[in-house]
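Q: Any chance you can model this:
(chains A and B)
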There are 2 protein chains.
Amino acid sequence: MHILIDKENLITALSVVQKATSVNSPLPILSGIHFKTSAEGVVLSATNLEIGISTSVAASVQTQGGTVLPAKYIFDLTRRLPETTIEIITDQDINSTIIKYADSEVNLHGFAEDEFPSFSALPDIPVFKINQESFRNILKKVVFAVSTEEYRPIFTGVLFDLNRESMTIVATDTHRLALQITPIELGIEESQNFIIPGKTLYEIIKVISSNNSLISIYLSPDNKIIFRNDNTVITSRLIEGVYPHYKQVIPTNFISSFSVITKDLLNAIERTIIFAYKSEPIRIHIDETYISIFLNSEVGRIREELPIKLKGKVMDLAFNPHYLIDALKVIDTDEVIIKLTGETSAAIIQPTEDSNYISLLLPTRLKI
Amino acid sequence: MHILIDKENLITALSVVQKATSVNSPLPILSGIHFKTSAEGVVLSATNLEIGISTSVAASVQTQGGTVLPAKYIFDLTRRLPETTIEIITDQDINSTIIKYADSEVNLHGFAEDEFPSFSALPDIPVFKINQESFRNILKKVVFAVSTEEYRPIFTGVLFDLNRESMTIVATDTHRLALQITPIELGIEESQNFIIPGKTLYEIIKVISSNNSLISIYLSPDNKIIFRNDNTVITSRLIEGVYPHYKQVIPTNFISSFSVITKDLLNAIERTIIFAYKSEPIRIHIDETYISIFLNSEVGRIREELPIKLKGKVMDLAFNPHYLIDALKVIDTDEVIIKLTGETSAAIIQPTEDSNYISLLLPTRLKI
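A: Predicted coordinates:
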């Protein structure tokens, strides 16, 4: 392989793929980035076997070929280079690569490219396509509710529930749930669903470019999910198993409801947890004209109060403050609507202008 | 104590003094900030017994008094408040303080103010005064060379060597030395010198405001050094002992010298250490028309080359790359002058336009 590549182009591509490298894997080659010349330049790929990312970048190809270079070194070196053209020359027989810039050069030991894991082939037809920015927005509003506890793998993923006219995505860790319905002409005959790891979706959120082009989502015959946008392809395993019935846990009748300025409520909770021990619950009193949030601790006590107009019953509840913060942070309207079903049963948090989005949170039972 | 204080004013003052609090001291009161009403408002103070910082801030005083509040809580709370007026009311009999904002309030347990350590009184006449921004600049150029090894306390400090017409400040950890002579009319009769802890000077660098007003430096009768600028007083212990004779280690005859673009040399060294194990020395070859920097490691080898015009002898040296980086980072001219006395004796690093500044660095003896 012999290529000439612009520094800025290379660093952009390395930034995208290096997230999928695995530093501590028993397979050292997974700490590397696969370079492979293509018709348009070079394709960079990395994988930790859970997720694989590849991206294509413009380069002047002098000689076709490929190699696997240690990600840390090629990335740290490139980002410290001035704006310049970099020449990369690999001797594939000895897996040795020379990187030249200005009057200087680096000689890097790499890995044999035929030992690098292969990626699933891209099917001809995607399951669906969606505007990238919209996709990122709906992912952000749901993915925070996945569980991080690997012993129940189903809850570490986000359910994608597709039918002919809409896509519903759902995440829950059993204490909270977030759900977004997106009207979208999917043109599929039968409804279908799959569970994508939350970790994969966090990477998708980072990799999606802020433009109005589409991202295509494919299912491969070997049961992988594949995302493809402008230059980048992300492949991930799916989570196997049957997702629990989520519709039945969403309440439709409420005892009390009110709206409050989202930012004010968020700030009040963030001040309250300064005095909390870890995820110690905070108490909330909802009255006719105000909501108060309070906490007693060894160093003192705090009582925050915000004005509301309550519809329904006065109530006392307790919540894990971090769950409340996560839920409020993705509300993108100035005010947030909070609906309550009881002091120990589900609360619903919704933006004022999107009835297709629901965030559900169970109060904590306080020991008194 | 009962005061009304603007949030922005309070957070600015807390940011300044909280650096001197001590979180892990056996004296819990040192984790606190002393509030004390004054003629103009309130004075905030903190100390870890090594360094003390106090700053005065405008406030509307309703009732005179004072208290000591836990720094972490008052700081975290204040920075999360919206722009508002905060009311602080202390019941000094029970060391309890109520902090009110909007419709909310916090009740904090504090410490008895009479248990807070007292600060040295400010002498009438300063030893000298200097422009704040100039003072910060010369401190930055020298303080990096102090030792962090507490077992030789002298080298953890910066020597201030004053005579009638100039101030020389010097730091060395015995591997490197930085020295700045500042012509300044001190108006003192006899030369005098003192050693200020490097840690104190790092705080001074942070606290100094970027304006053209003066900072005054005092020596207290109890052998403390006191810095005073617009609103803030910083008190520190001095390091006792006799500083080694530094003048005799600075060479005046050189075998070779050259100048090179400061940023290019710095970047080349920063790329080289990507491949270095910890502080492994880098090798430098100085030739008639170029300087090359190189390193071999398990992952590969790097060779950086930059153009120079050498005056004197071709030479091979080795350096601790981090020491070179520290020295180059404080050079504020586009080019840097490097003068050599031999392959194993002192090298001098100087800006092109400040003959009053010298940075000295000993090469490393390489095992071959």
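Q: Next up, the contacts around the residue nearest the centre of chain A.
A: Centroid check for chain A by Cα atoms, centre = their mean gives A:Tyr202 as the closest residue, at 1.7 Å. Residues counted as contacts of A:Tyr202 (Cβ atoms under 8 Å, 6 or more residues apart in numbering or on different chains) are A:Val143. C-beta coordinates here come from the backbone N, C-alpha and C atoms, glycine included.
Q: Likewise for A:Gly65?
A: Going by Cβ under 8 Å, 6+ apart, the list of residues near A:Gly65 reads A:Met1, A:His2, A:Lys36, A:Thr37, A:Thr90, A:Gln92.
Q: Next: A:Ile225.
A: By Cβ under 8 Å, 6+ apart, the contact set of A:Ile225 is A:Phe194, A:Ile196, A:Thr200, A:Ile217, A:Tyr218, A:Leu219, A:Thr235, A:Ser236, A:Arg237, A:Leu238.
Q: ok but it is inside a strand, no?
A: Yes - looking at A:Ile225 with DSSP: H, G, I helix; E, B strand; the rest coil, it is inside a strand.
Q: if I look at it, how far off is chain B?
A: 34 Å (Cβ to the nearest Cβ, to the nearest Å).
Q: name the element A:Lys206 belongs to?
A: Assigned by DSSP states H and E, A:Lys206 falls within helix A:198-207.
Q: What segments of chain A are helices?
A: A:7-17, A:71-79, A:132-143, A:198-207, A:262-272, A:321-329 (DSSP state H).
Q: quick one: which of those is nearest B:Val299?
A: Minimum separation from B:Val299 across the helices of chain A (Cβ to Cβ) falls at helix A:71-79, 5.6 Å.
Q: do you know how far the residue lying farthest from the centre of chain A is from chain B?
A: Relative to the centre of chain A, the most outlying C-alpha is that of A:Asp103, 41.7 Å out, by Cα atoms, centre = their mean. Distance, A:Asp103 to chain B, using Cβ to the nearest Cβ: 4 Å.
Q: Going by residue numbers, what spans are strands in the stretch 101-250 of chain A?
A: A:104-109, A:128-131, A:157-162, A:166-172, A:176-183, A:192-197, A:214-219, A:224-228, A:232-237 (DSSP state E, counting those that start in this stretch).
Q: pLDDT of the second one, averaged?
A: Right, the one you point to is strand A:128-131. If you average the pLDDT over strand A:128-131, you get 93.
Q: How is chain A divided into domains?
A: Domain ranges of chain A: A:2-115, A:128-247, A:252-361, per automatic domain parsing.
Q: right, so of those domains, which gets closest to B:Lys339?
A: domain A:2-115 (23.4 Å).
Q: how about the residues of the stretch 201-350 of chain A near chain B?
A: A:267-268, A:270-271, A:274-275, A:290, A:298-307 (Cβ under 8 Å from any Cβ of the partner chain).
Q: Put the buried members of these into a PyMOL selection.
A: Here is the PyMOL command that selects the buried residues among those (16 or more other Cβ atoms under 10 Å in any protein chain shown):
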select buried, chain A and resi 267+268+270+271+274+275+290+299+300+302+303+304+305+306
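Q: Mark which of the residues of the stretch 201-350 of chain A next to chain B are part of strands, please.
A: Among those, the residues falling in strands (DSSP state E) are A:Tyr290, A:Gly300, A:Arg301, A:Ile302, A:Arg303, A:Glu304, A:Glu305, A:Leu306, A:Pro307.
Q: per-residue confidence for the third one?
A: It stands for A:Arg301. For A:Arg301, the model assigns a pLDDT of 94.
Q: does the residue nearest to it when sequence neighbours are not counted have beta-bridge partners, and which?
A: Leaving out its chain neighbours, the residue that sits closest to A:Arg301 by Cβ to Cβ, 6 or more residues apart in numbering or on different chains is B:Asn107, at 4.9 Å. Legend: beta-bridge partners of B:Asn107 under DSSP bridges are A:Arg301, B:Ile98.
Q: Number of residues surrounding B:Asn107?
A: 17 (other Cβ atoms under 10 Å in any protein chain shown).
Q: just checking, it touches B:Ile94?
A: No - the criterion here is Cβ atoms under 8 Å, and B:Asn107 misses it with B:Ile94 at 10.8 Å.
Q: re the thing from before, from what I see, the residue farthest from the centre of chain A and B:Leu306 are in contact.
A: Yes - with contact defined as Cβ under 8 Å, A:Asp103 reaches B:Leu306; the gap is 7.3 Å.
Q: ok so, going back, now for the strands of the stretch 101-250 of chain A, which one comes closest to A:Thr12?
A: strand A:232-237 (10.5 Å).
Q: so what does the closest one touch, helix or strand wise?
A: Applying 3 or more Cβ pairs under 8 Å, 6 or more residues apart in numbering or on different chains; DSSP states H and E, one finds that strand A:232-237 contacts strand A:51-58, strand A:192-197, helix A:198-207, strand A:224-228.
Q: got JSON lines for the ones you listed, with mean pLDDT too?
A: Below are the helices and strands packed on strand A:232-237 laid out as JSON lines (pLDDT from 0 to 100):
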{"stretch": "strand A:51-58", "mean pLDDT": "96"}
{"stretch": "strand A:192-197", "mean pLDDT": "95"}
{"stretch": "helix A:198-207", "mean pLDDT": "93"}
{"stretch": "strand A:224-228", "mean pLDDT": "96"}
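Q: Dump these to TSV, plus distance to A:Val43.
A: Below are the helices and strands packed on strand A:232-237 laid out as TSV (distance: least, Cβ to Cβ, whole Å):
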stretch	distance to A:Val43
strand A:51-58	5
strand A:192-197	24
helix A:198-207	15
strand A:224-228	13
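Q: Who does A:Gly66 form a beta bridge with?
A: A:Lys36.
Q: ChimeraX command for the buried members of the contacts of A:Ile225?
A: To isolate the buried members of those in ChimeraX, using 16+ other Cβ under 10 Å:
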select /A:194,196,200,217,218,219,235,236,237,238
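Q: and which of the contacts of A:Ile225 is nearest B:Pro28?
A: A:Thr200 (47.0 Å).
Q: Spatially nearest residue to that closest one, not counting backbone neighbours?
A: A:Ser236 is the one closest to A:Thr200 (Cβ to Cβ, 6+ apart), at 3.9 Å.
Q: picking that back up, relative to B:Glu83, which of the domains of chain A is closest?
A: Comparing the domains of chain A under Cβ to Cβ, the one sitting nearest is domain A:252-361, at 11.9 Å.
Q: Output the below-cut-off pLDDT ranges for chain A.
A: Applying pLDDT under 70 to chain A flags the ranges A:366-368.
Q: Look at A:Thr148 and say how many residues are nearby.
A: 9.
Q: Pull the contacting residues for it.
A: Taking Cβ under 8 Å, 6+ apart as the test, what A:Thr148 contacts is A:Thr156, A:Asp173.
Q: cool, and A:Val106?
A: A:Leu77, A:Ile98, A:Ile99, B:Arg271, B:Phe275, B:Gly300, B:Arg301, B:Ile302, B:Arg303.
Q: where's the first one relative to A:Thr63, distance?
A: Put plainly, it is A:Leu77. For A:Leu77, the distance to A:Thr63 equals 22 Å [Cβ to Cβ, to the nearest Å].
Q: what do A:Asp103 and B:Leu306 both touch?
A: With Cβ under 8 Å, 6+ apart as the test, A:Asp103 and B:Leu306 both reach B:Tyr290.
Q: burial measure for the residue nearest to A:Pro251 when sequence neighbours are not counted, as a count.
A: Excluding the flanking residues, the one nearest A:Pro251 by Cβ to Cβ, 6+ apart is A:Thr341, at 4.7 Å. When neighbours are counted by other Cβ under 10 Å, A:Thr341 registers 17.
Q: what's the answer for the one 10 residues further on, then?
A: Each residue near A:Pro351 was counted by other Cβ under 10 Å, and the total is 20.
Q: Verify the stated contact: it with A:Thr333.
A: Yes - with contact defined as Cβ under 8 Å, A:Pro351 reaches A:Thr333; the gap is 4.0 Å.
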